[in-house]
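**Q** the sequence isn't on hand, but the structure is:
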């Protein structure tokens, strides 16, 4: 029963690939700035029309690129237009993982047990800090960062023109096919509040519930109780030539 529930939760959450890592393999097979920009256009498309248009351009540039993309899995794993609506995020990169790794600092170079302790301590402080910050917010509807994003979309939507088609239906005209600001333009034309269309997952109440708990502090390693289990020894280490690097090797375009 537990395995069925876990598999059901996994299918609801969905699975995505980091497009930044996909491009590393993609440009090895198909180098060139044009074909790389078309890949980002296809992966960042919010509508099937924009996605199909980018894929046709990719086919003209190199037909084998579509064969390579077809082997990735379904489009819902890497292109925004096919993302599951119940997952309230359009992120198709893993930059947040890189940012978290950067916060570990020197602990990344230390043994596994020390590394895990560093992850626990960083997570503990982050949760406590965010809990203190959100308690000082005066608003009670949506998070401040989401408000800033709505303000940017509202500003960008000024270049759009909305034509009323029916009850709740609009035809939005703009030079660029960017779905989010088209939606905001239609909301403003209907004289409605964009804040009312934000998912509850970005509400302050949900944010506070997320960071309501805390990770308990633990004593120093020397104060840990004795264990009858065998000690975990580090794997055999063979030192290479020269000083070991600490910084990640960056790509040419970074």
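**A** Done, it's in. As the structure is a prediction and not an experimental result, all values here were calculated from the model.
**Q** the residue lying closest to residue 92 once chain neighbours are set aside - how many residues pack around it?
**A** Nearest non-adjacent residue to residue 92, counting by CB to CB, 6 or more residues apart in numbering: residue 19, 4.7 Å away. For glycine as for every other residue, the C-beta is placed from the backbone atoms N, C-alpha and C. Residue 19 has 21 neighbouring residues, counting by other CB atoms under 10 Å.
**Q** correct me if wrong: residue 19 contacts residue 40.
**A** Yes. Taking CB atoms under 8 Å as the definition, residue 19 is a contact partner of residue 40 at 7.3 Å.
**Q** mind pulling up the pLDDT for the residue nearest to residue 92?
**A** pLDDT for residue 19: 90.
**Q** ok, the one 10 residues further on next?
**A** Confidence at residue 29, expressed as pLDDT, is 88.
**Q** could you pull up the residues touching it?
**A** Shown in contact with residue 29 (CB atoms under 8 Å, 6 or more residues apart in numbering): 64, 65, 68.
**Q** measure the first one to residue 238 for me?
**A** So the one you mean is residue 64. From residue 64 across to residue 238, the span is 40 Å (CB to CB, to the nearest Å).
**Q** before we move on, back to that, out of the contacts of residue 29, which is nearest to residue 206?
**A** residue 68 (39.1 Å; CB to CB).
**Q** burial count for the closest one?
**A** 16.
**Q** identify the spatial nearest neighbour of it, chain neighbours not counted.
**A** Excluding its sequence neighbours, the residue lying closest to residue 68 (CB to CB, 6+ apart) is residue 29, at 5.9 Å.
**Q** repeat that for residue 180.
**A** Counting by CB to CB, 6+ apart, the residue nearest residue 180 is residue 153, at 5.5 Å.
**Q** doesn't residue 92 belong to a strand?
**A** No. Counting by DSSP: H, G, I helix; E, B strand; the rest coil, residue 92 is located in no strand; its state is coil.
**Q** what segments of the stretch 51-200 of the chain are helices?
**A** Using DSSP state H, counting those that start in this stretch, the helices of the stretch 51-200 of the chain run over 63-70, 95-104, 112-134, 144-156, 179-189.
**Q** looking at these, which is buried most?
**A** Highest mean neighbour count of those: helix 179-189, a mean of 19 (counted as mean count of other CB atoms under 10 Å).
**Q** residues making contact with whatever helix or strand comes next after it?
**A** Counting by DSSP states H and E, the next helix or strand C-terminal to helix 179-189 is helix 204-210. For helix 204-210, the surrounding residues in contact (CB under 8 Å, 6+ apart) are 131, 134, 135, 137, 139, 140, 141, 142, 143, 200.
**Q** for the residue nearest to residue 92, give me its contacts.
**A** Neighbours of residue 19 in contact, by CB under 8 Å, 6+ apart: 39, 40, 43, 78, 92, 93.
**Q** how close does the closest residue to the third one other than its chain neighbours get to residue 77?
**A** Among residues not flanking residue 43 along the chain, residue 19 sits closest, at 4.6 Å (CB to CB, 6+ apart). Between residue 19 and residue 77 the distance, using CB to CB, works out to 10 Å.
**Q** circling back to that earlier point, kindly reformat the helices of the stretch 51-200 of the chain as JSON lines containing distance to residue 171.
**A** Formatted as JSON lines, the helices of the stretch 51-200 of the chain follow (distance: least, CB to CB, whole Å):
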{"stretch": "helix 63-70", "distance to residue 171": "31"}
{"stretch": "helix 95-104", "distance to residue 171": "35"}
{"stretch": "helix 112-134", "distance to residue 171": "40"}
{"stretch": "helix 144-156", "distance to residue 171": "18"}
{"stretch": "helix 179-189", "distance to residue 171": "9"}
